[in-house]
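Chemist: Compute the structure for the input listed below.
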Amino acid sequence: MSLRTSGRYAGAFFLLAFVSYGIGSTLAGQFAGTALVVLNSVLVAAIGILVFRALRRPHPGTAWAYLVARGAEAFLLTAGIVLLDSVGAGAADIAYQLAMLSLGLGSLPFCLTLNRQRWLPKWLAIWGFAGYALLATGAAAELTGATVGLVPAIPGGLFELVLGLLLLTRGFTPPTAVPPGAASAGPSNAAAAVDGRSRASRAALAAGLGLLLMAVLAGLANFGIVQRLVSTDAAETTTRLLSNQRAFALAVAALFTVACLDVLVAWALRVFFADTHRTVALLSAWCRTAYAVVFAVAITHLIAAAGILHDGTATDQISLNVYAQITKFEDIWSLGLILFGVHLLMIGWLAWRSPTAPTWVAVLVAIAGAGYLADSIGTLVSAAYTIQIAAVTFGGEVVLMAWLLMFAARSRSRRRPDPDGDRQLQIA
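Modeler: Reported below is the predicted structural model:
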């Protein structure tokens, strides 16, 4: 499929998604409304795939970020419909705001890239960037308890209508033809500059930074908020959560961000270890992606708990419902960690086989994976299992993160041009 054709499909999907969600949201609670919202989610995911196919070679970082953001949006909008029927409007609204936050943040680099590729006029790309930034800001404000309404979403919504119409007419192509000399010089120079080591360096940097951000977000959200507020008593847990609803909502948003970052890190590691063993690297990426999906499903139960708290007051029944949702979150997450443990075992094997990774890094990563497997299988087999091996072995992930960042830094310093050498070459 050519860029022009895929761009036209994307434009049509932008317009159809706008109409389907607009009508579907007004028919919430009815079968037709549910079907239209699900159709919107399918179209949103398709837009992410089409943009990914168009940008994955010239701008892989933007392509992956937009694909994951659109996938997260589609997942959350569908989850919102399910939560509306099973839990209530509060949970559905939280899922919607998280979806808009994902769309807004993921679309910021997309707008910048549209301008760089000359697929949009500069003024329109700036409009889109500002509109999505305002959308993300409004969604974040709603999650913290502020009421801002639909006004922050209007500029971004109008941009998507204009973008859809523009793509429908000309696809992913610049408005004017590029001079033949410029068209041939750009890609050839870029291709000459990108070798296997530079790809590995960029992948290491992306994976290392992703792991670092995940560690910060997960630590603050899970240990700093969720674990601190949840106790063994349902009524006490509900009372604490009611007193800290804003912090709890932000923790849910942070954990969902971690799930999205899991996908990005998975495929960055796949690129980094592709030359070591392509098949195992691919399997490890899909394994961590599957874990991220399971983790996202688990987080929907935290969204449900936050929605119950938003809609009601502290009663015995609400306390039991909230506690049940948190328990489901923990149980599903624990099952997902089996996939995560297998992923780390494969990464450890790849690191052991890699000519660049030290053996001790490989061993520590594999031990971390074994720790997650032991804990998850132990809790699955016996309710009396209380040992937390991963609390000790998780250090392998920290070591991997630090080594990836150091590898990227060393590779960048080696690629730094030598002014004296360049001057001598010019004289010669």
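Chemist: Only C-alpha atoms from now on, for both contacts and neighbour counts.
Modeler: OK.
Chemist: Stretch 55-74 - what's its average pLDDT?
Modeler: Across stretch 55-74, the average pLDDT comes to 93.
Chemist: Need the contact partners of that stretch.
Modeler: Contacts with stretch 55-74, where a contact means C-alpha atoms under 8 Å, 6 or more residues apart in numbering, come from 40-42, 44-45, 47-49, 51-54, 98-100, 102-103, 105-107, 109-110, 113, 260, 263-264.
Chemist: Repeat the analysis, applying 6 Å as the threshold.
Modeler: 41, 44-45, 48, 52, 99, 102-103, 106, 109 (C-alpha atoms under 6 Å, 6 or more residues apart in numbering).
Chemist: packing partners for the helix or strand that N115 is a member of?
Modeler: Assigned by DSSP states H and E, N115 belongs to helix 89-116. With contacts taken as 3 or more C-alpha pairs under 6 Å, 6 or more residues apart in numbering; DSSP states H and E, helix 89-116 sits against helix 60-86, helix 122-143, helix 278-311.
Chemist: Which one, of these, ends up nearest to V162?
Modeler: helix 122-143 (8.8 Å; C-alpha to C-alpha).
Chemist: okay, the helices and strands packed on helix 89-116 in CSV with distance to A10 and mean neighbour count next?
Modeler: Below are these laid out as CSV (distance: least, C-alpha to C-alpha, whole Å; neighbours: other C-alpha atoms under 10 Å):
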stretch, distance to A10, mean neighbour count
helix 60-86, 13, 23
helix 122-143, 16, 21
helix 278-311, 25, 22
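Chemist: Can you add distance to L15 and give those helices back as CSV?
Modeler: Shown next, in CSV, are the helices and strands packed on helix 89-116 (distance: least, C-alpha to C-alpha, whole Å):
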stretch, distance to L15
helix 60-86, 15
helix 122-143, 16
helix 278-311, 28
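Chemist: closest to W403 out of those helices?
Modeler: Per C-alpha to C-alpha, nearest to W403 of those: helix 278-311, 18.1 Å.
Chemist: distance between the helix holding N115 and the chain's centre?
Modeler: Centroid separation for helix 89-116 versus its chain: 11 Å, with C-alpha atoms, centre = their mean, to the nearest Å.
Chemist: Show me what counts as buried in it.
Modeler: For helix 89-116, a neighbour-count test (16 or more other C-alpha atoms under 10 Å) marks 89-115 as buried.
Chemist: Show the pLDDT at the closest residue in space to L3 that isn't next to it in sequence.
Modeler: The shortest distance from L3 to any non-neighbouring residue, by C-alpha to C-alpha, 6 or more residues apart in numbering, is to F172 (5.2 Å). With respect to pLDDT, F172 scores 85.
Chemist: what does D195 give?
Modeler: 54.
Chemist: Let me know the distance separating Q245 from T393.
Modeler: Separation of Q245 from T393 (C-alpha to C-alpha, to the nearest Å) stands at 32 Å.
Chemist: One more: C111?
Modeler: Taken as C-alpha to C-alpha, the span from C111 to T393 is 41 Å.
Chemist: before we move on, what about R8?
Modeler: According to C-alpha to C-alpha, R8 stands 50 Å off from T393.
Chemist: Please apply the same query to M346.
Modeler: With C-alpha to C-alpha as the criterion, M346 and T393 are 16 Å apart.
Chemist: who has more neighbours, the two?
Modeler: M346 (22 against 19; other C-alpha atoms under 10 Å).
Chemist: Outline the domain layout of this structure.
Modeler: 3-174, 197-415 (automatic domain parsing).
Chemist: biggest helix in the chain, by residue count?
Modeler: helix 316-353 (DSSP state H).
Chemist: Any buried residues in it, and which?
Modeler: Those would be 318-323, 325-326, 328-330, 332-353, for helix 316-353 by 16+ other C-alpha under 10 Å.
Chemist: measure stretch 51-68 end to end?
Modeler: 11 Å.
Chemist: For the spatially most central residue of the chain, pull up the helix or strand it's in.
Modeler: Compute the mean C-alpha point of the chain, and by C-alpha atoms, centre = their mean the closest residue is C260, 2.2 Å away. Per DSSP H and E: C260 is located in helix 245-272.
Chemist: Between helix 122-143 and that helix, find me the angle.
Modeler: 130 degrees (axes from the mean of the first three to the mean of the last three C-alpha atoms, to 10 degrees).
Chemist: Now do helix 245-272, average pLDDT.
Modeler: 95.
Chemist: Report the angle between that helix and helix 316-353.
Modeler: Here helix 245-272 runs at an angle of 20 degrees relative to helix 316-353 (the same axes, to 10 degrees).
Chemist: who does helix 245-272 touch, helix- and strand-wise?
Modeler: Partner elements for helix 245-272 (3+ C-alpha pairs under 6 Å, 6+ apart): helix 196-218, helix 278-311.
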